[in-house]
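Enquirer: Show me how the following folds:
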Amino acid sequence: MSQPLDLNQLAKDIKQWGAGLGFQQVGITDTDLSTSEPALQAWLDKQYHGEMEWMARHGMLRARPHELLPGTLRVISVRMNYLPADAAFARTLRNPQLGYISRYALGRDYHKLLRNRLKKLGEIIQQHCAPLNFRPFVDSAPLLERPLAEKAGLGWTGKHSLTINREAGSLFFLGELLIDLPLPVDSPVEEGCGRCVACMTICPTGAIVEPYTVDARRCISYLTIELEGAIPEELRPLVGNRIYGCDDCQLICPWNRFSQITGEADFSTRHALHAPQLIELFCWTEAHFLKVTEGSPIRRIGYLRWLRNIAVALGNGPWSESALQVLEQRKGEYSLLDEHIHWAIAQLLVRRATNTIEVLAPSKQRLIRAIEKGLPRDA
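Expert: Here you go, the predicted structure:
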């Protein structure tokens with residue numbers, strides 16, 4: 001007669017197996033996210049999701065993991081660090097002639113890597129307690145991963161809406177494994193933001209409209225990644241030299257002084273994306289773009305939006321004849337790009353006429369000082 005399954009020991013084993021697969025932390029929670037539903041509905045009702053129509057299409061399904069995989073009793077939530085060595089945050093943000101790329105996107109796309117590791121974790125669990133139904137998720141289905149991570153004890157939700165861990169900051173990926181075992185659950189951790197509102201005040205576009213609430217329509221990550229059409233003209237000057245995503249709200253966060261450098265080689269910075277010159281990026285052919293971004297999350301925005309973002313960044317940079325020339329040379333290729341090229345050229349010509357000296361805004365100076373003071377030295 002087989003021995004009854006020791007669920008407490010299994011939960012401990014799962015955390016050890018997860019650590020062996022490269023996860024920095026593994027937590028377990030139930031599937032009840034009913035307390036998150038009102039905030040999700042209010043966010044959707046205010047149209048804060050912008051063009052991300054799939055957010056509204058799936059509605060409250062995001063708060064009901066058991067509907068994604070019938071029979072699900074627990075969610076195993078994991079996190080994995082992504083901060084690459086020599087991330088050059090301040091150096092790139094300080095120089096308006098360089099293109100800033102959110103540091104999670106400098107290496108290989110994390111989706112497949114995390115999903116494969118989660119699948120391996122499920123298979124290991126299955127070997128010890130078959131039969132077992134499981135399903136891994138990494139941004140691949142409608143699921144409120146941050147509230148799940150919070151319930152599983154991986155951290156608390158910061159005022160920028162991201163998960164913060166007391167020992168590791170917020171520069172990590174999240175993933176989930178849904179299973180049908182009644183494992184013991186972990187407890188949430190104490191919230192650690194207190195009265196701090198640094199992330200809210202540093203946001204270049206004021207996208208964090210209230211604590212824990214982001215209006216995606218103003219968020220630079222949304223504008224440069226999710227938005228398919230034209231970047232609103234009034235927001236273009238605020239984008240600065242950020243051509244794919246934005247890290248400002250995380251970089252100003254005092255908890256990211258505890259961020260840890262990733263040990264995953266796949267997350268290392270690709271040479272072509274390390275502090276890249278905007279003019280050089282704008283001259284890439286589509287074939288070169290596809291080659292450089294193979295296996296990268298950047299590829300999903302496509303060549304046209306890539307050029308759109310760079311055109312805006314060039315328009316926000318210092319006057320130079322070279323910048324004007326590369327912008328002029330790309331006229332007529334795409335109507336969407338032309339709109340941003342014309343805007344950028346106008347900005348440069350005004351700057352030339354007025355001899356405007358490029359001075360970093362006080363908020364950006366404060367951000368860079370915080371980065372240099374707070375982040376791990378290798379970053």
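Enquirer: so who does the residue nearest in space to the middle of the chain touch?
Expert: Computing the C-alpha centroid of the chain and ranking residues by C-alpha atoms, centre = their mean puts Y104 first, at 6.3 Å. Contact partners of Y104, counting by C-beta atoms under 8 Å, 6 or more residues apart in numbering, are 82, 110, 171, 173, 245, 297. In short, each C-beta sits where N, CA and C put it, glycine included.
Enquirer: Got phi/psi on the first one?
Expert: Y82 has phi and psi values of phi -130, psi 0 when expressed as degrees, to the nearest 10.
Enquirer: Name all residues that make contact with it.
Expert: By C-beta under 8 Å, 6+ apart, the neighbours of Y82 are 103-104, 107, 110, 171-173, 262, 264, 267.
Enquirer: If we use 10 Å, what do you get?
Expert: 103-107, 110, 114, 171-173, 259-262, 264, 266-267 (C-beta atoms under 10 Å, 6 or more residues apart in numbering).
Enquirer: what do you get for the fifth one?
Expert: Contacts for G245 were tallied using C-beta under 10 Å, 6+ apart; they are 100-105, 219-225, 297-298, 301, 309.
Enquirer: what about stretch 47-54, how long is it end to end?
Expert: 12 Å (C-alpha to C-alpha, to the nearest Å).
Enquirer: pLDDT on it, on average?
Expert: For stretch 47-54, mean pLDDT rounds to 90.
Enquirer: what sits up against it?
Expert: Stretch 47-54 is contacted by residues 40, 42-43, 55-56, 142, 207, 209, 213-219, 222-223, 226-229 when judged by C-beta under 10 Å, 6+ apart.
Enquirer: Relative to C196, how far out is G27?
Expert: Here the criterion is C-beta to C-beta, to the nearest Å. By it, G27 lies 24 Å from C196.
Enquirer: which residues of the stretch 151-300 of the chain fall in strands?
Expert: Taking DSSP state E, counting those that start in this stretch as the criterion, the stretch 151-300 of the chain carries its strands at 156-157, 163-164, 172-179, 208-210, 213-214, 242-244.
Enquirer: between those, which gets nearest to A130?
Expert: strand 172-179 (12.3 Å; C-beta to C-beta).
Enquirer: Partner strands of the closest one and their direction?
Expert: In the sheet, strand 172-179 lines up against strand 74-81 (antiparallel), strand 134-137 (antiparallel) (DSSP bridges).
Enquirer: Compare G27 and C196 and say which one has the larger neighbour count.
Expert: Shown here are G27 and C196; by other C-beta atoms under 10 Å, G27 has more neighbours (25 against 15).
Enquirer: what's the helix or strand for the more buried one?
Expert: strand 25-29 (DSSP states H and E).
Enquirer: got the CA positions of that strand in CSV?
Expert: Taking C-alpha atoms only, strand 25-29 is exported to CSV below (Å, rounded to 0.1, in the frame of the first residue of the first chain):
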residue,chain,number,x,y,z
GLN,A,25,12.1,32.4,-5.3
VAL,A,26,9.1,30.1,-5.4
GLY,A,27,5.8,30.7,-3.6
ILE,A,28,2.5,28.9,-3.4
THR,A,29,-1.0,30.4,-3.2
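Enquirer: as a whole number, average confidence for it?
Expert: The average pLDDT within strand 25-29 is 98.
Enquirer: now stretch 301-320
Expert: Stretch 301-320 shows a mean pLDDT of 97.
Enquirer: can you pull the buried residues of stretch 205-218?
Expert: The neighbour-count check on stretch 205-218 (16 or more other C-beta atoms under 10 Å) flags 205, 207-208, 213-218 as buried.
Enquirer: give me the element the closest residue to E233 other than its chain neighbours is part of.
Expert: Of all residues beyond its chain neighbours, the one nearest E233 is W343 (6.6 Å), with distances taken as C-beta to C-beta, 6 or more residues apart in numbering. Per DSSP H and E: W343 is located in helix 335-354.
Enquirer: what bits of the stretch 1-150 of the chain have low per-residue confidence?
Expert: In the predicted model, the stretch 1-150 of the chain carries pLDDT under 70 at residues 1-3.
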